[in-house]
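Enquirer: Provided below for reference: sequence and predicted model.
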Amino acid sequence: MGAYGLWTLFALPGFRKVPTYLKVPYLPSSKTQTQNVMKLLHGRAGCLADLGSGDGRLVFAATVEGFQCTGFEINYILTGYARVKAKWKGIPSSTASFINQDFWKMEVLGRKLEKELPDEARVIACRFPFPDWTPTATVGDGLDQAWAYDMNAIRKLSTHTIMR
């Protein structure tokens, strides 16, 4: 009963705000999944936005590698937990911040990213690949799989498709 109570505390706030077809329970990133994402980010620097950041595991791993990170999470309890954990770890909010936001209300995410990200940006997807994009690289399998999409390649493919 106690486990169910904890699960509802962490998972249900997100369920109330997400459209029925997108409801996914909170499932923390595994160590392997986080390592796979970091492999796909190897040699890169700059800003990282983690959509569906949960308890902040990926954000914390990326800050260690020098990224400036923002985690977006629909579940306000997980957002609060990640903020407290960042303070406890001594990570300044200028390096890692967490925003309680429902990014599903934005325009279609893929088109938004294509429109707003610079050519050198890399988008990493975990568990749910972008259906209309061809990945530049992929690491892992099953729940730990991660897909990398380089915006310059995505734009070239989009342009090539349009020109046909």
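Expert: Right, received. Where do you want to start? All values reported here derive from a predicted model rather than from experimental measurement. Numbering: from 1, shown residues only.
Enquirer: my reading is that Gly123 lies in a strand. Confirm?
Expert: Small correction: residue 123 is Val, not Gly. Yes. Counting by DSSP: H, G, I helix; E, B strand; the rest coil, Val123 is part of a strand.
Enquirer: so what's it closest to, chain neighbours aside?
Expert: Tyr149 (4.4 Å; CB to CB, 6 or more residues apart in numbering). C-beta: built from backbone N, CA, C; applies to glycine.
Enquirer: so in this structure, where's the weakest helix or strand by average pLDDT?
Expert: Within the chain, judged by mean pLDDT, DSSP states H and E, the helix or strand with the poorest mean is helix 2-17; its value is a mean of 51.
Enquirer: immediately after that helix, which helix or strand?
Expert: helix 31-40 (DSSP states H and E).
Enquirer: identify the residues contacting that next one?
Expert: Under the criterion CB atoms under 8 Å, 6 or more residues apart in numbering, residues 29, 57-58, 61-62, 65, 122, 124, 126, 137, 139-140, 143-146, 148 lie in contact with helix 31-40.
Enquirer: how far away from the center of its chain is it?
Expert: 12 Å (CA atoms, centre = their mean, to the nearest Å).
Enquirer: and it, what's buried?
Expert: By 16 or more other CB atoms under 10 Å, the buried positions in helix 31-40 come out as Thr32, Gln33, Thr34, Asn36, Val37, Met38, Leu40.
Enquirer: ok, stretch 59-72 next?
Expert: Neighbour-count burial for stretch 59-72, counted by 16+ other CB under 10 Å, picks out Val59, Phe60, Ala61, Ala62, Thr63, Phe67, Cys69, Thr70, Gly71, Phe72.
Enquirer: now do the helices in this structure.
Expert: Secondary structure of the chain (DSSP state H): helices located at 2-17, 31-40, 57-64, 76-89, 109-116, 151-163.
Enquirer: the second one versus helix 57-64: what angle between them?
Expert: Orientation note: helix 31-40 sits at an angle of 40 degrees relative to helix 57-64 (axes from the mean of the first three to the mean of the last three CA atoms, to 10 degrees).
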